[in-house]
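Peer 1: sequence unknown, structure follows:
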């Protein structure tokens, strides 16, 4: 029996356990002390405590996780998203323990984790990138030269960044020195690397990402795009596919660029190539996420593909179960991230025990969740506790279905952001498909 350890928690751990069970694979869950009664720990065939509440002492404790994998005879580790999913050191440690890390090779994770290195690789591969630095901004003088060439306003960006950290907006020459100092300090604290570079700030750009799948036999396919432009503090809130307003020519060009990007780095397993799309239909490479994305379910629904199962098959050495010609988009899908937070109190996290819970179901509704009656929402981890995903024939029908689903959410004990998501669905800019990465922040400033 092949056994898979899930090095994660919450809804993504539950998602992976379900895929493994359907494939006849045994699962081992790891959990922190406050997660002892968590759904993923209850669902797995085996569950092992790996430490106290702080993630650094549990879910980020590489030695503890690998010890559990060895002791329980796991031959595979699925990292989910976040936590250790893009940690090249952990992927390399898995190799050293003769355990297959379900993701790309460590060298690929390192190359794409360095945003500047990834940028230069894309330039060489002929993938369009945002105007800016061709190397590190080693000092203010070099940064100023790059900023003038790109044209203000620009962003100072951490080379090893992620999650919106180590990024500062600069509107003039005078703002550049303090912005560099601030970005470097945050990047050093967050990633242990204070290197930065300059990139032009694109106004009202859309965040369009392309899902790719690659095996170890040289096959690389894209599964089309997702629009992830509705964001707050650079964190995605709602995603949909297909993206509105893309011509078939542009859609195919972005897909082909994503495949070219993956081939350029020798990619294997699931990944996402993220682009910025401007008002003129120009798209630019932003970064590559070398892992499964939170929003993968909407792609699964419109392409009738189980991405997690495909990850598992690739990790076992099998070729992709489809070719590019097999991939078709059918209907429209929307995902709303359900967070335990109070939008009316500046999105303050809401923690505690869920006393009463009713979540949506019915035709065309999928729920990926860690919630159950009586479960505890911990203050120690990310506030996302569920995802509601809908699929229907048209975008209009999908919006109506999502509204119906959100209206079914009923919870006592904590506050969820379902009402906020409902409000977003009624925004004229969303209804008309004219939103961008600044839409939510603009709305909240009113």
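Peer 2: Sure, I can see it. Just so we're clear, the structure is a prediction, and the values are computed from it rather than from any experiment.

Peer 1: so where's the stretch 151-300 of the chain shaky on pLDDT?
Peer 2: Applying pLDDT under 70 to the stretch 151-300 of the chain flags residues 161-163.

Peer 1: Where do the strands of it begin and end?
Peer 2: In the stretch 151-300 of the chain, the segments counted as strands under DSSP state E, counting those that start in this stretch are 154-162, 165-170, 196-200, 206-214, 220-232, 235-241, 269-277, 283-289.

Peer 1: do you know which of those lies nearest residue 105?
Peer 2: Residue 105 sits nearest to strand 269-277 of all the strands of the stretch 151-300 of the chain, at 9.1 Å, using C-beta to C-beta. Every C-beta, even on glycine, is put in place using the N, C-alpha and C of the backbone.

Peer 1: Tell me which residues are up against the closest one.
Peer 2: Strand 269-277 is touched from outside by 102-104, 130, 202, 205-214, 228, 254, 257-258, 261-262, 283-293, 296, 307, 310-311, 314-315, with contacts defined as C-beta atoms under 8 Å, 6 or more residues apart in numbering.

Peer 1: swap in stretch 400-416?
Peer 2: With C-beta under 8 Å, 6+ apart as the test, stretch 400-416 has contacts from 334, 336, 338-342, 350-365, 377, 385, 388, 390-392, 418-419, 421-422, 425.

Peer 1: Take these and keep only those in strands.
Peer 2: In strands, defined here by DSSP state E, the members of these are 334, 336, 338-339, 341-342, 352-353, 356-358, 365, 377, 385, 388, 390-392.

Peer 1: Sort out which of the residues you listed are buried, if you could.
Peer 2: In those, burial by neighbour count holds for 334, 336, 338-339, 341-342, 357, 365, 377, 385, 388, 390-392, counting by 16 or more other C-beta atoms under 10 Å.

Peer 1: got a markdown table for these, with pLDDT too?
Peer 2: Below are these laid out as a markdown table (pLDDT from 0 to 100):
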| residue | pLDDT |
| --- | --- |
| 334 | 98 |
| 336 | 98 |
| 338 | 98 |
| 339 | 98 |
| 341 | 97 |
| 342 | 96 |
| 357 | 97 |
| 365 | 98 |
| 377 | 97 |
| 385 | 98 |
| 388 | 98 |
| 390 | 98 |
| 391 | 98 |
| 392 | 98 |
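
Peer 1: Can you add distance to residue 112 and give those back as TSV?
Peer 2: Below are these laid out as TSV (distance: C-beta to C-beta, whole Å):
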residue	distance to residue 112
334	28
336	28
338	29
339	27
341	30
342	36
357	38
365	34
377	33
385	29
388	30
390	31
391	30
392	34
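
Peer 1: ok, so of the residues you listed, who is nearest residue 301?
Peer 2: Of those, the one sitting nearest to residue 301 (C-beta to C-beta) turns out to be residue 391, at 4.1 Å.

Peer 1: check contacts around that closest one.
Peer 2: Listed by C-beta under 8 Å, 6+ apart, the contact partners of residue 391 are 298, 301, 302, 331, 332, 333, 364, 366, 398, 401.
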